[in-house]
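[1] no FASTA, just this:
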């Protein structure tokens with residue numbers, strides 16, 4: 001291991017890698033084209049859950065995909081130019097949609113998600129911003145009461161693993177979340193979670209903690225990686241940088257950096273959107289999912305944020321304004337008292353593999369290069385444990401975890 005470790009990407013995953021390396025006495029350098037935590041990490045719904053351990057590819061999902069794709073109000077869309085890449089990705093996705101694979105994937109996801117709240121509290125300790133993380137439930141709200149069943153595979157798996165779940169009716173929903181529409185007739189509560197009151201600010205605070213502990217943070221765009229005798233050369237917008245051990249935590253941009261090394265990975269830019277209402281006039285006590293619309297709403301420091309949508313497109317394709325209009329409409333349906341005049345919009349790019357698992361660990365035949373990307377919908381949850389595992393590997397400590405499911409070249 002060289003004197004310091006270079007991390008490409010200062011999103012929440014890269015920042016957590018930096019903090020965990022520092023805990024092991026390793027010097028770190030973070031490089032990103034943007035300010036820390038202001039790309040994909042900034043815009044999520046803020047759910048921090050030990051129980052977000054259910055993959056996207058569930059048994060029977062194939063039945064609902066056509067409707068999701070064809071409905072203008074559906075949560076899933078594919079830009080026409082992306083279909084050539086989408087078809088092989090989608091076929092891999094569907095091949096995972098069986099109970100055996102779902103359960104195995106859930107075990108791997110549990111490894112990363114289970115300690116998330118504890119690890120964030122540890123990282124935030126002493127920053128003066130511990131209140132950016134608050135205890136929360138995850139309310140999965142259903143308009144059709146018959147749709148809410150603890151026998152569904154996802155809830156079954158959570159229960160088997162120790163989650164505290166409760167099925168409630170409309171009266172109890174109104175007690176817990178009075179701002180919600182009376183259209184919701186049932187809900188499943190997932191207890192024992194937390195939520196971020198400002199995901200982007202958590203990233204800023206933790207990046208600043210890393211900086212005060214000696215991390216170097218460089219603002220530059222990296223255009224190429226090249227292996228040299230004793231390490232790596234990085235071609236950047238600031239000129240050539242030399243690095244020893246290298247952690248690639250650049251989210252969806254990671255795959256393009258690997259292509260010139262002869263590594264092709266099926267990493268998709270699964271774009272998500274959010275709308276945020278600065279003076280909402282209502283508030284939520286927990287993270288709330290509208291199961292029908294597949295959107296998540298949460299009260300944050302900046303107001304109420306409603307996030308959702310899975311749009312597959314090229315990384316640099318422009319944002320679709322129709323998505324933001326739809327989210328605003330769905331937010332008003334979910335929260336009838338919402339004042340929606342002061343609204344801001346955002347679009348980000350989830351780095352998604354078809355099996356809902358990231359690429360973690362050393363990349364074969366690339367000495368000193370470690371993968372830490374591809375966290376799909378679960379980046380905020382999985383970041384702290386990812387940091388712990390990668391830091392152990394880089395520091396030469398064998399992790400007490402089977403990393404086979406996360407093998408970077410598993411495809």
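    All right, it came through fine. Quick caveat, the model's predicted, so the values are computed rather than measured.

[2] after the lowest-mean-pLDDT helix or strand in the chain, next one along is what?
    Every helix and strand of the chain was ranked by mean pLDDT, DSSP states H and E. The lowest is helix 65-70, at a mean of 87. Downstream of helix 65-70, the next assigned helix or strand under DSSP states H and E is strand 76-78.

[3] Packing partners of that next one?
    Helices and strands touching strand 76-78, by 3 or more C-beta pairs under 8 Å, 6 or more residues apart in numbering; DSSP states H and E, are helix 65-70, strand 303-312. (Each C-beta comes from the backbone N, C-alpha and C, glycine too.)

[4] Out of those, which gets nearest to residue 149?
    Evaluated over those, closeness to residue 149 peaks at helix 65-70, with 19.9 Å, by C-beta to C-beta.

[5] Name the residues of that closest one that come out as buried.
    Residues of helix 65-70 include none that count as buried (16 or more other C-beta atoms under 10 Å).

[6] Summarise which helices and strands that helix is packed against.
    Against helix 65-70 (3+ C-beta pairs under 8 Å, 6+ apart) you get strand 76-78.

[7] who does the strand it packs on pair up with?
    Applying DSSP bridges, strand 76-78 is found paired with strand 303-312 (parallel).

[8] returning to that earlier point: mind checking how far the least confident helix or strand of the chain is from the chain centre?
    Remark: helix 65-70 is offset 23 Å from the chain centroid, using C-alpha atoms, centre = their mean, to the nearest Å.

[9] I'd like the average pLDDT over stretch 6-18.
    For stretch 6-18, mean pLDDT rounds to 98.

[10] and residue 340, what is it in contact with?
    Contacts for residue 340 (C-beta atoms under 8 Å, 6 or more residues apart in numbering) come out as 277, 280, 328, 331-332.

[11] For residue 355, state which of those is nearest.
    residue 331 (31.0 Å).

[12] Report the spatially closest residue to that closest one, excluding sequence-adjacent ones.
    residue 306 (4.2 Å; C-beta to C-beta, 6 or more residues apart in numbering).

[13] picking that back up, what's the least confident helix or strand of the chain in contact with?
    For helix 65-70, contacts defined as C-beta under 8 Å, 6+ apart pick out 74-78.

[14] got those as CSV, with neighbour count and distance to residue 175 columns?
    Converted to CSV, these look like this (neighbours: other C-beta atoms under 10 Å; distance: C-beta to C-beta, whole Å):
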residue, neighbour count, distance to residue 175
74, 18, 32
75, 20, 28
76, 18, 33
77, 20, 36
78, 18, 40
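
[15] list the contacts for the spatially closest residue to residue 142 that is not a sequence neighbour?
    Spatial nearest neighbour of residue 142, chain neighbours left out: residue 148 (4.3 Å); criterion: C-beta to C-beta, 6+ apart. Residue 148 is in contact with 140, 142, 167, 186-188, 291, counting by C-beta under 8 Å, 6+ apart.

[16] can we see that at 10 Å?
    With contacts defined as C-beta atoms under 10 Å, 6 or more residues apart in numbering, the neighbours of residue 148 are 140-142, 155, 167-169, 184-188, 291.

[17] Of those, which belong to helices?
    Those of the contacts of residue 148 mapping onto helices are residue 155, per DSSP state H.

[18] out of the contacts of residue 148, which are buried?
    Among those, those buried by neighbour count (16+ other C-beta under 10 Å) are 140-142, 155, 167-168, 184-188, 291.

[19] Show me where the stretch 251-400 of the chain has its helices.
    For the stretch 251-400 of the chain, the helices defined by DSSP state H, counting those that start in this stretch occupy 254-258, 321-334, 379-394.

[20] closest to residue 98 among the buried ones among the contacts of residue 148?
    Comparing the buried ones among the contacts of residue 148 against residue 98 with C-beta to C-beta picks out residue 155 as the nearest, at 17.8 Å.

[21] Find me the pLDDT at that closest one, would you?
    98.

[22] which of the contacts of residue 340 tops the neighbour count?
    Greatest neighbour count in the contacts of residue 340, by other C-beta atoms under 10 Å, goes to residue 331: 26 neighbours.

[23] ok, back up a step: and among the helices of the stretch 251-400 of the chain, the most buried is which?
    For the helices of the stretch 251-400 of the chain, the largest average neighbour count (mean count of other C-beta atoms under 10 Å) is found in helix 379-394, namely a mean of 25.
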